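Trainee: Dropping the sequence and predicted coords here.
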Amino acid sequence: MTTRAGDQQTALGRAEASPSSRLRGWMLESLTEQPGDHLGPYATGRKEHRRAWWQVMCLTGVDYFSTLGYQPGIAALAAGAVAPIATVVLVALTLFGALPVYRRVARESPHGEGSIAMLERILPWWGGKLFVLVLLGFAATDFTITMTLSAADATAHLLENPYAPSWLDGHAVAVTLVLLAALGAIFLRGFREAINLAVVLVGIYLALNVVVVAVGLAEVATHPAVLGHWTNLLTARFPNWVGVAVVALLVFPKLALGLSGFETGVAVMPQIKGAPGDTEKKPLGRIVGARKLLTTAALIMSVALILSSLVTTLLIPPAEFQPGGKANGRALAFLAHEYIGNGFGTVYDISTIAILWFAGASAMAGLLNLVPRYLPRYGMAPRWARAVRPLVFVFTAISFVITVWFGASVDAQGGAYATGVLVLITSASVAVTLSARRAHQKLAALLFGAVTAVFVYTTVANVIERPDGLRIGGLFILAILAVSFLSRGQRAFELRGVGISFDEAAEQYLAGAARCGTLRLIAHDPELRDANEYRSKVTRVRRDNDIPKWAPLVFVEVTVVDASDFETALYVRGEERFGHRILTVRSSVVANTIGEVLLAARDRTGLVPHVYFTWTEGSPLLNLLKFLFVGAGEIAPVTREVLREAESNPEIRPRVHVS
C-alpha cells in the first residue's frame, strides 16, 4: 500500500526553514489523506481520548441543554399563555419522534457521519452527491447559526446583568464578535480537553437551573392565585381544552429550537468509549453508549423544558418577554435575579454565558467533523479543507458576517436556526424510513414515515412563518455548490487514489514485462472481452508504434463504478484472458487511475513505463464533459495531463503514445 501523505509531510519538512512554510505547516498540521483518518478538533479517532457515554453527553449537552437559556422566552413569545401546553407537544415529538429516529441513526451510522451518510448510501451517484451537498448547506446553517445565536444570547445575559459595565450598553454586536473570535482562537490552538470542560459546565448549569425552577415552583405553590390566573386566562380565551390543544399543535413549530442540539448526539459518537470487543466495523458498545446518551439527554431536557416553560409563563409578566423586555431571551435568568437575588442571578448569568459560548464550540466541532468527511472526498473542496485550522478561519469569518447581518439579535436568528435544525432532523427521519423499507420492516417504516410527515409539516410551517432560515440555507447551499463544482474542475487532473495496492498476479505481470528492459502497457476500454478484441488491439498497437513481436505487452483496464466519487482506494488485480495479461482496477475515473497505475508501476519496477492509447472518436467538448461527469471521455490527453501534474520531472514521467 502506498499513499502520498508521507511525501506531502516530507515536502513540508524540507520547507520548514522559511516563515511561510512554518505557517503552512502549522495551518495544515491535522491534514490527512484518508477520509476515514480525519480526527477533527477532538482527535476523534484516538482511543485514549474516548470517554464514558455520560461524559460525552455533556459535550452534546452544551448545545442541547443550553437552549434553556432562551427557549422558555421564545415559547412564551410565540404561544403566550399556551406555551406550557405547546412545550408538552414539543416534548412528545422529542421522545416519540426524534429519539427513536436518532437511536436508529446511531445504530446504522456509528462513526459520526449521521443520517447524511445513510442517505449517501441509499442515494448513489450524482443525485446522491447533490442531495448530500444540499443537506450540508442546511447543516452549515444549523451549526453556524448555533454559534452566532448562542454567542448573541450570551451577550444578552452579560449586558442585562445589573453589574455589567455601563460602557458596554449598545455594543451587543461588538461583544458577540469578541466571543466568536475567542471561540475561533481556542480551536486554532487545539481543543482536546473539551469533554472535561463540557462536564463541568453542564453539571453547574443544570444544578443552577434546578435551583431556579425549584424556587419558581415554590413561588407558584406559595401563591396559588398565580396558577388560578393562568387557568382563568386559558378558559377565557378557549372555552374548552380542545381549543387549547389545537392552538398548541399549531404554534409548536415555533418552539422547534427546543430540539436544537439533539441532532449533534450522533455527531459525537466517535468520542464514546465502547466495549472491549468493539471494532471499527462493529462498535456495538459505542452504539449502546450512544443510545443511552440520546435517551438520557432527551429525558433530562424534556423535564427541564416543561417545568421551565411553566414557571416562566406563570411568574413573568408577558410584556417582559417582548423585544427590549428584561426576560427577552433570558427568562430563567430573569427569575433568578427576581426571586433569588442579584448575587445568585449573576452566578447564573456567568454559567449561562459560559455554556452558551461553549455551545458554539460544539457547533464548530460539528462543522469541523462533518465538512472534511464529504467535500474533499467528492473533489469539491481543496485538500486543505481536511485540516482544522483553515476551516476555523473560514467558519469564524462566516459567523462574523451573520452576526453583523442580524445585529446580534437572538429573535432575528431564531427562524434561520430552527430551519437548519428541522431540515437535519427531517432528513434523518427520511433516512431511517428508507432504511426500514429496504430492510422490509413494514411497521417500522410506517411509524418512521408518520414521524417524517410530522417533521415535514413542522419544517414547512416554520419556513412559511419565518423564511429567513430558507434564505440563509439557500445561500449556504449556493455557496457550497459553487465552491464544490469550481473545486472539482480545478482538481480534475489530480491523482485521486487514496492508496494503491497490487495483488500477487499483478505484481508478477509487471515484473515479467519489465525483464526485457522496457515496460509497455496498453490502455484498453473493453467491450466484448473476447479473443478477437484483444488480438486486434495488440496487432494495432504493435503496428502503429513499431513494437516487435517479442516485446511483452500488458493490458490496463479501468472499470468506472461511480463517477460521482472522487477519491477511491485502488486495488489492481492481475487476470489472464486468451493468453493476454491484464491489470484490472475499479475506480471512479479512467484517465487519473491509469496515471496512478503507471506511477506505481514505475516505482515498483524502476523503469519508466510506456502506455499506448487509441484516439477517442467524437466531439472533444462532449468527451471533456464525459470525463468530468462519467469518468471516461478523451482518455489519452487527460492521462498525459494527469501525469504532468503529478510528476514534474519529464525524465522519469511515464511516456504516453497515441495512435
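Mentor: Looks like it came in fine.

Trainee: If you average pLDDT per helix and strand, which one of the protein comes out bottom?
Mentor: None of the helices or strands of the chain scores lower by mean pLDDT, DSSP states H and E than helix 5-14, at a mean of 43.

Trainee: what about the helices in the stretch 1-150 of the chain?
Mentor: For the stretch 1-150 of the chain, the helices defined by DSSP state H, counting those that start in this stretch occupy 5-14, 19-27, 53-64, 71-79, 83-93, 99-108, 115-122, 125-160.

Trainee: Of all those helices, which one comes closest to residue 517?
Mentor: For the helices of the stretch 1-150 of the chain, proximity to residue 517 was assessed by CB to CB; helix 5-14 is nearest, at 27.6 Å. (Glycine included, C-beta is placed from N, CA and C.)

Trainee: For the closest residue to residue 289 other than its chain neighbours, grab the count of nearby residues.
Mentor: Leaving aside its sequence neighbours, residue 289 sits nearest to residue 53 (CB to CB, 6 or more residues apart in numbering; 3.5 Å). Residues near residue 53, counting by other CB atoms under 10 Å, number 22.

Trainee: Relative to residue 460, how far out is residue 53?
Mentor: 35 Å (CB to CB, to the nearest Å).

Trainee: Repeat that for residue 341.
Mentor: Where residue 460 is concerned, residue 341 sits at a distance of 45 Å (CB to CB).

Trainee: again, but for residue 101
Mentor: For residue 101 relative to residue 460 (CB to CB), the value is 18 Å.

Trainee: cool, residue 52 as well?
Mentor: Residue 52 is 39 Å from residue 460, by CB to CB.

Trainee: that older thread, who has more neighbours, residue 101 and residue 460?
Mentor: Per other CB under 10 Å, whichever of residue 101 and residue 460 has more neighbours is residue 101, with 26 against 13.

Trainee: Verify the contact between the more buried one and residue 448 for me.
Mentor: Yes: assessed by CB atoms under 8 Å, residue 101 is found in contact with residue 448 at 6.7 Å.

Trainee: Quick check: neighbours shared by those two?
Mentor: 429, 432 (CB atoms under 8 Å, 6 or more residues apart in numbering).

Trainee: Just give the nearest non-adjacent residue to residue 201, would you?
Mentor: In space, residue 201 is closest to residue 355, 4.9 Å off (CB to CB, 6+ apart).

Trainee: Same question for residue 99.
Mentor: The nearest residue in space to residue 99 (CB to CB, 6+ apart) is residue 298, at 4.8 Å.

Trainee: Make sure that neighbour is actually in contact with residue 261.
Mentor: No: at 10.8 Å, residue 298 and residue 261 do not qualify as touching, with contact defined as CB under 8 Å.

Trainee: Counting neighbours, go ahead and name the busier of these two.
Mentor: A direct count of neighbours by other CB under 10 Å for residue 298 and residue 261 places residue 261 higher, at 26 against 21.

Trainee: Check whether that one really touches residue 63, as I assumed.
Mentor: Yes: shown here, residue 261 and residue 63 form a contact pair, counting by CB under 8 Å, at 3.4 Å.

Trainee: contacts for stretch 108-118?
Mentor: Contacts of stretch 108-118 (CB under 8 Å, 6+ apart): 36, 44, 105, 132, 135-136, 139, 263, 266-270, 280, 283, 286-287, 290, 369-370, 373-374, 424, 427-428, 430-432, 434-435.

Trainee: which residue is nearest the centroid of this structure?
Mentor: residue 370 (2.5 Å; CA atoms, centre = their mean).

Trainee: thought the residue nearest to residue 289 was touching residue 292?
Mentor: Yes: Residue 53 is in contact with residue 292 according to CB under 8 Å; the separation is 5.0 Å.

Trainee: Confirm residue 557 sits in a strand?
Mentor: Yes: under DSSP: H, G, I helix; E, B strand; the rest coil, residue 557 sits within a strand.

Trainee: which ones are touching it?
Mentor: 524, 525, 526, 582, 583, 584, 585.

Trainee: if you set the cut-off to 7 Å instead, what comes out?
Mentor: 524, 526, 582, 584 (CB atoms under 7 Å, 6 or more residues apart in numbering).

Trainee: And those residues, which is closest to residue 226?
Mentor: Distances from residue 226 to those, taken by CB to CB, are shortest for residue 584, at 77.7 Å.

Trainee: ok, the closest one to residue 643 distance?
Mentor: 20 Å.

Trainee: ok, now residue 346?
Mentor: Using CB to CB, residue 346 is found at 67 Å from residue 643.

Trainee: So the two - more neighbours on which side?
Mentor: Using other CB under 10 Å as the criterion, residue 346 and residue 643 rank with residue 643 on top: 24 against 17.

Trainee: Looks like the more buried one contacts residue 597 (just checking).
Mentor: No: the pair residue 643 / residue 597 is not scored as a contact, 11.0 Å apart, by CB atoms under 7 Å.

Trainee: From the contact counts, what lies against the lengthiest strand in the chain?
Mentor: Ranked by residue count under DSSP state E, the longest strand found in the chain is strand 568-577. Under the contact criterion of 3 or more CB pairs under 7 Å, 6 or more residues apart in numbering; DSSP states H and E, strand 568-577 touches strand 497-502, helix 504-514, strand 580-587, helix 591-605.

Trainee: ok, back up a step: might you report the residue contacts of the residue nearest to residue 201?
Mentor: Residue 355 sits next to 62, 66, 201, 202, 205 when contact means CB under 7 Å, 6+ apart.

Trainee: list the contacts for residue 317?
Mentor: Under the criterion of CB under 7 Å, 6+ apart, residue 317 has no neighbours.

Trainee: Next one: it from residue 444, what distance?
Mentor: Residue 317 is 47 Å from residue 444, by CB to CB.

Trainee: Likewise for residue 58?
Mentor: Residue 58 is 31 Å from residue 444, by CB to CB.

Trainee: Between these two, which is the more surrounded one?
Mentor: residue 58 (28 against 17).

Trainee: Surely that one is in contact with residue 197?
Mentor: No: under the criterion of CB under 7 Å, residue 58 is not in contact with residue 197, lying 9.0 Å apart.

Trainee: circling back to that earlier point, rebuild the contacts of residue 557 as TSV, extending it with pLDDT, distance to residue 327 and neighbour count.
Mentor: Compiled in TSV, these are given as follows (pLDDT from 0 to 100; distance: CB to CB, whole Å; neighbours: other CB atoms under 10 Å):
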residue	pLDDT	distance to residue 327	neighbour count
524	84	74	23
526	74	72	16
582	89	75	22
584	88	69	19
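
Trainee: any idea which of those is the one closest to residue 515?
Mentor: Nearest to residue 515 among the contacts of residue 557: residue 582, at 18.3 Å, using CB to CB.

Trainee: how about the residue nearest to the closest one when sequence neighbours are not counted, what does it touch?
Mentor: Leaving aside its sequence neighbours, residue 582 sits nearest to residue 555 (CB to CB, 6+ apart; 4.2 Å). Contact partners of residue 555, counting by CB under 7 Å, 6+ apart, are 522, 524, 580, 581, 582, 583.

Trainee: ok, what's across the strand from residue 555?
Mentor: Per DSSP bridges, the residues bridged to residue 555 are residue 522, residue 582.

Trainee: Report the separation between it and residue 525.
Mentor: To residue 525, residue 555 is 10 Å away according to CB to CB.

Trainee: try residue 52
Mentor: 55 Å.

Trainee: How about residue 446?
Mentor: Distance from residue 446 to residue 525, by CB to CB: 47 Å.

Trainee: Check residue 207 too.
Mentor: If you go by CB to CB, the gap between residue 207 and residue 525 works out to 68 Å.

Trainee: what does residue 196 give?
Mentor: 57 Å.

Trainee: Likewise for residue 418?
Mentor: 51 Å.

Trainee: Between the two, which has more neighbouring residues?
Mentor: Neighbour tally, residue 418 and residue 525, criterion other CB under 10 Å: the higher count belongs to residue 418, 29 against 14.

Trainee: ok, that one touching residue 258?
Mentor: No: look at residue 418 against residue 258 with CB under 7 Å: they stay out of range, at 9.6 Å.
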